[in-house]
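Q: What would the 3D arrangement of this be:
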Amino acid sequence: MNLKRASSSPSRLPLQARCTVALVAILALVTAFLPALALAQEHPELQITSTNYIVINADTGEVYAARSEHEHRAEASITKIFTAIESIESAPGNKEITTSEADMVSEEASQVGFGPGETFTVEELLYGMMLPSGNDAARALARGLGAEPGDSDEQAVQRFVDRMNQRVQNMGLADTRLVVPDGWGVPGHYSSAYDLAAFMMYALKYPRFVQAFSTLTYEMPDGSYVFKNNNRMLRTYDGIVGGKTGYDDDAGWCLINVAQRDGTRIIAVTLNGVAPDDWYDDNRVLLDFGFDEHARRQAAGESVSGEIVRYRDPDAARILTMASAGGEIGVPQAPAPAPTSLAVPAPEIAKSEKVDTIPANSETETPVLVPVAPSGASGSGLLAAASVAAALILVQAVSTWRMQSRRPSLGSSAQMSSLGSPSPAIESV
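A: Sure thing, here's the model as predicted:
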């Protein structure tokens, strides 16, 4: 006689039904997250050859396309956007720095080409660093603005780099670690496409920075040096605001650009691109896609959704740290810092200087500060977790079914009696 399994709960669903219900619920959860996640996914139709990229709205942080945007990558001279902001925060533009032998770089590195013992203002070195991508100018800024009494040249540069890293940490950018102020290939120096886009959002609120990285040509008042911007897209892309190039053997060809059309600003970051032209084409295609996608979403009435590039205001984070440590706001815990860019405006450009700049819209010069969301699972993390859970439930269901299907049926009362006292009923197959 075949015996049917006795149910301990009359209302309990059969195994197959329970598995089906669980899988449907998990698939519903996954499906709910897919539309938002798709907004930040890679777009193969763009045919981007750079291994890492991201394109975002510079004001909202909305991500339009990305690939491996959190992967740690050497960023070469794009490092200089970090150095530029730290320099602007450290001193007024008319502060003078005298170059040193420690600032000299190898012939293979991009450079202004000055020698030791020459005197420049911070503003002049800023242009020398941002336009021809002078590694020597970056080192002179770091040494000159990082030095405290008794420091060696190396200690002064390290102090400046430490401040750069502290700013990045205060912003919540966990995928960036800076070792040198110029980005020239050293082990352990890296950032990510996401962090670079976030930092550029922040950098755009500094007028001195925007003016420098949007300038095509800068001539010093005495005519001793003329700096030309090596970013070709400043001469070829409609609506370009500014950008920064980068290259070394470890980083490959890197580029970050900001463009503006009809009041909308887009940031595109490409890392480890292909020479001679693909890396520029990648960035151009991403900027175009960003503008097109923004227009499409606006026309469709879609709200900001999906992955959003966020950062914390580093000044607010510093104040919070001081308060939590019991310090008094307004009372320095260390030697008072030099005047910041917000307190000291950039000096006017002398009439003898020849500066060809791409104007930036002053009304949109300051991006919205977007706070970092509380720590928790990201959309991609939830999707992965849901997928794993679905797989585990399916494996368990199959295993249970196979185990039950292999149990022998108990077909006679004699077999039943041989079992002794009553035991849990077994379902036959």
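Q: what stretches of the protein score poorly on pLDDT?
A: 1-40, 321-429 (pLDDT under 70).
Q: Would you map the strands across it?
A: Ranges of strands in the chain, per DSSP state E, are 52-57, 63-67, 96-98, 119-121, 215-219, 226-228, 240-248, 252-261, 264-273, 355-357.
Q: okay, those in CSV with mean neighbour count and distance to Ala316 next?
A: The C-beta positions use only the backbone N, C-alpha and C, and glycine is treated the same way. Below are the strands of the chain laid out as CSV (neighbours: other Cβ atoms under 10 Å; distance: least, Cβ to Cβ, whole Å):
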stretch, mean neighbour count, distance to Ala316
strand 52-57, 28, 22
strand 63-67, 23, 24
strand 96-98, 15, 30
strand 119-121, 17, 30
strand 215-219, 19, 30
strand 226-228, 16, 35
strand 240-248, 24, 26
strand 252-261, 24, 24
strand 264-273, 27, 22
strand 355-357, 15, 31
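Q: Any idea which of those strands gets closest to Val309?
A: For those, the distance to Val309 is smallest for strand 52-57, at 5.1 Å, taking Cβ to Cβ.
Q: now the angle from that closest one to strand 264-273?
A: 180 degrees (axes from the mean of the first three to the mean of the last three Cα atoms, to 10 degrees).
Q: Can you list the strands that strand 52-57 pairs with?
A: strand 63-67 (antiparallel), strand 264-273 (antiparallel) (DSSP bridges).
Q: end to end, how far does stretch 259-269 reach?
A: From its first residue to its last, stretch 259-269 covers 12 Å (Cα to Cα, to the nearest Å).
Q: and if you look at stretch 199-214?
A: Terminal-residue distance, stretch 199-214 (Cα to Cα): 17 Å.
Q: Go through that stretch and flag the buried ones.
A: Under the neighbour-count criterion of 16 or more other Cβ atoms under 10 Å, stretch 199-214 has 199-214 buried.
Q: same deal with stretch 309-320?
A: When neighbours are counted by 16+ other Cβ under 10 Å, the buried residues of stretch 309-320 are found to be 309-314, 317.
Q: Which ones among the buried residues of stretch 199-214 map onto helices?
A: 199-203, 207-213 (DSSP state H).
Q: Out of the strands of the chain, the one nearest Glu108 is which?
A: The closest of those to Glu108 is strand 240-248. By Cβ to Cβ, the value is 9.1 Å.
Q: Check which helices and strands the closest one sits against.
A: helix 207-213, helix 233-236, strand 252-261 (3 or more Cβ pairs under 8 Å, 6 or more residues apart in numbering; DSSP states H and E).
Q: Surely Leu287 touches Tyr237?
A: Yes: using Cβ atoms under 8 Å, Leu287 is in contact with Tyr237, at 6.9 Å.
Q: Need the overlap of contacts for those two.
A: Counting by Cβ atoms under 8 Å, 6 or more residues apart in numbering, the contacts common to Leu287 and Tyr237 are 257, 259.
Q: the more surrounded of those two?
A: The neighbour count for Leu287 versus Tyr237, taken as other Cβ atoms under 10 Å, is higher for Leu287 (24 against 19).
Q: need the contact list for that one.
A: 55, 237, 257, 259, 266, 268.
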